[in-house]
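J.: next input, structure requested:
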Amino acid sequence: MTPNKKVKILATLGPAIKTIDEIRQLVEAGVNLFRLNFSHGEHADHAQRYDWVREVEQQLNTPIGILMDLQGPKLRVGRFKEGKVNLQRGQTLRLDLDSTPGDAQRVNLPHPEIIEALQPGMSLLLDDGRLRLQVTSKQSDAVITEVIAGGELSDRKGVNVPEAVLQLSPLTDKDRRDLAFGLQLGVDWVALSFVQRPEDIIEARELIGDKAFLMAKIEKPSAVIHLEEIARLCDAIMVARGDLGVEVPAENVPRIQKDIIRTCRQLGKPVVVATQMLESMRFSPAPTRAEVTDVANAVAEGADALMLSAETASGDYPLEAVQMMSKIIRQVEHGPDFQAQLDVGRPQAEATTSDAISCAIRRISSILPVAALVNYTESGASSLRASRERPTAAILSLTPSLNTARRLTVAWGIYSVVNERLHKVEEVTSTALEIAQAQGMAQRGDTLVITAGEPFGQPGSTNSLRIETLH
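T.: This is a model prediction of the structure:
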């Protein structure tokens, strides 16, 4: 499959995708990796979708990444005697550890860690922020709140606590069971929900080991505060704008998104922008103009990948949503000022051979009409450093490791080919030219920049650069 865009598409699989042929169509339309959302569905459902993706990968002979998204701790109120209540602004509502059904005066909050963390003056958001409470006083087993923004509240609605850091692991018992299952399946990426602090990444990493790459979802104000520390510890970041947009003022989300993308690019960590990108296409074959602009802005800001959630998981037009996102990405990337915008935000290089070579290939590709940048990589690290530079030409990453190729599917501009022939440095040039032509990334007369390392096949050894013409 000939690469035709640099920003990648991450699509969520769900009940809307019923056959392997539909997955193949999504890949042909531009999907680079798939998300299995463990907040929904049974293990058998996820195993079936996993197998379908792997079969399509073989059919199309192209690496496809698979990300499992853990549910994380879902904080909810208890139940009501009548199933729901109507809360009026200014009234008092008690939240306590009593598990009996509640009423308009009190309701169970089955999370002692929330009650422990709350202090008078702090806010609680209920039902995705539709209702807002403010703590007026605190007891050992309850908090007394005033309703600031009222409305209907029904059983088991979600609770957000934006102003407190909860002494709560991001991994529930369910998450641990799901994680063990996903790692046994062979997922490439694990997305960790409701990250609050760097310690959460360390805890998850101990369980995952080297079996998969780790992506931290930034959706809590405390995670935004500790962003750089978290990003350094994980392999990629997701801007999870759903819960983030509940926990911080909505007008702050665009700035936070820009800050996250800038930080991740400086650190050389892939960043995914997610949630409601083409939300209206769940029920409509065409997006709103605002959604198109949102997608275009994320591309222009330098995001590595964009995610489709319900649009492909449960929507009526999953294929059309992918096709639309692909068209928007290509349109922006082919714009006259796209590369100039990316260059303005180019990160500072580190004093390493790998970064020196990455900066050189970016500069060369802006001077010469380079068709492709060919990089041999064992671990994927040198390809990621090249991607960080956002060069004009696409990056053809040659690797003997299928796992490396799958994990690079989230990264900007990288298209991988698995080739076990690459064992001697003298084979690099001939093999690179041959594969670039076979992939449709170059033709006779085109210029290619090829990077590799000696000792050959040793991670972190990239130290050579060649400019070759395809004859």
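J.: from what I see, residue 160 and residue 244 are in contact.
T.: No. Counting by Cβ atoms under 8 Å, residue 160 stays clear of residue 244, with 10.2 Å between them. For every residue, glycine as well, the C-beta is placed using N, CA and C.
J.: these two: who's more crowded?
T.: Between residue 160 and residue 244, counting by other Cβ atoms under 10 Å, residue 244 is the more crowded of the two (25 against 19).
J.: buried residues, whichever strand or helix holds residue 57. List them.
T.: In this structure, residue 57 sits in helix 43-60 according to DSSP states H and E. Neighbour-count burial for helix 43-60 flags 46, 49, 50, 52, 53, 56, 57 (criterion: 16 or more other Cβ atoms under 10 Å).
J.: so what's the closest residue to the second one other than its chain neighbours bridging to?
T.: The reference is to residue 49. In this structure, residue 49 finds its nearest non-sequential neighbour in residue 13, 4.6 Å apart by Cβ to Cβ, 6 or more residues apart in numbering. For residue 13, the beta-bridge partners are residue 36 (DSSP bridges).
J.: per-residue confidence for residue 13?
T.: On pLDDT, residue 13 comes in at 98.
J.: isn't it right next to residue 48, touching?
T.: No. Counting by Cβ under 8 Å, residue 48 is not a contact partner of residue 13; they are 9.6 Å apart.
J.: ok, the residue nearest to residue 49 to residue 277 distance?
T.: From residue 13 across to residue 277, the span is 16 Å (Cβ to Cβ, to the nearest Å).
J.: any chance of a markdown table for the buried residues of helix 43-60, columns pLDDT and distance to residue 450?
T.: Shown next, in a markdown table, are the buried residues of helix 43-60 (pLDDT from 0 to 100; distance: Cβ to Cβ, whole Å):
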| residue | pLDDT | distance to residue 450 |
| --- | --- | --- |
| 46 | 98 | 39 |
| 49 | 98 | 37 |
| 50 | 98 | 35 |
| 52 | 98 | 35 |
| 53 | 98 | 31 |
| 56 | 98 | 30 |
| 57 | 98 | 26 |
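J.: want to throw those into TSV with distance to residue 170?
T.: Shown next, in TSV, are these (distance: Cβ to Cβ, whole Å):
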residue	distance to residue 170
46	20
49	24
50	23
52	29
53	26
56	31
57	30
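J.: re the thing from before, just the CA trace of the helix holding residue 57, in PDB.
T.: In PDB, the C-alpha atoms belonging to helix 43-60 read as follows (Å, rounded to 0.1, in the frame of the first residue of the first chain):
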ATOM      1  CA  HIS A  43     -13.000 -10.600  25.800                       C
ATOM      2  CA  ALA A  44     -14.300 -12.800  23.100                       C
ATOM      3  CA  ASP A  45     -15.400  -9.800  21.000                       C
ATOM      4  CA  HIS A  46     -12.000  -8.200  21.300                       C
ATOM      5  CA  ALA A  47     -10.200 -11.500  20.400                       C
ATOM      6  CA  GLN A  48     -12.300 -11.800  17.300                       C
ATOM      7  CA  ARG A  49     -11.500  -8.200  16.200                       C
ATOM      8  CA  TYR A  50      -7.800  -8.800  17.000                       C
ATOM      9  CA  ASP A  51      -7.800 -11.900  14.800                       C
ATOM     10  CA  TRP A  52      -9.500 -10.000  12.000                       C
ATOM     11  CA  VAL A  53      -6.900  -7.200  12.100                       C
ATOM     12  CA  ARG A  54      -4.100  -9.700  12.000                       C
ATOM     13  CA  GLU A  55      -5.600 -11.500   9.000                       C
ATOM     14  CA  VAL A  56      -6.000  -8.200   7.100                       C
ATOM     15  CA  GLU A  57      -2.400  -7.400   8.000                       C
ATOM     16  CA  GLN A  58      -1.400 -10.500   6.200                       C
ATOM     17  CA  GLN A  59      -3.700 -10.000   3.300                       C
ATOM     18  CA  LEU A  60      -2.400  -6.500   2.600                       C
END
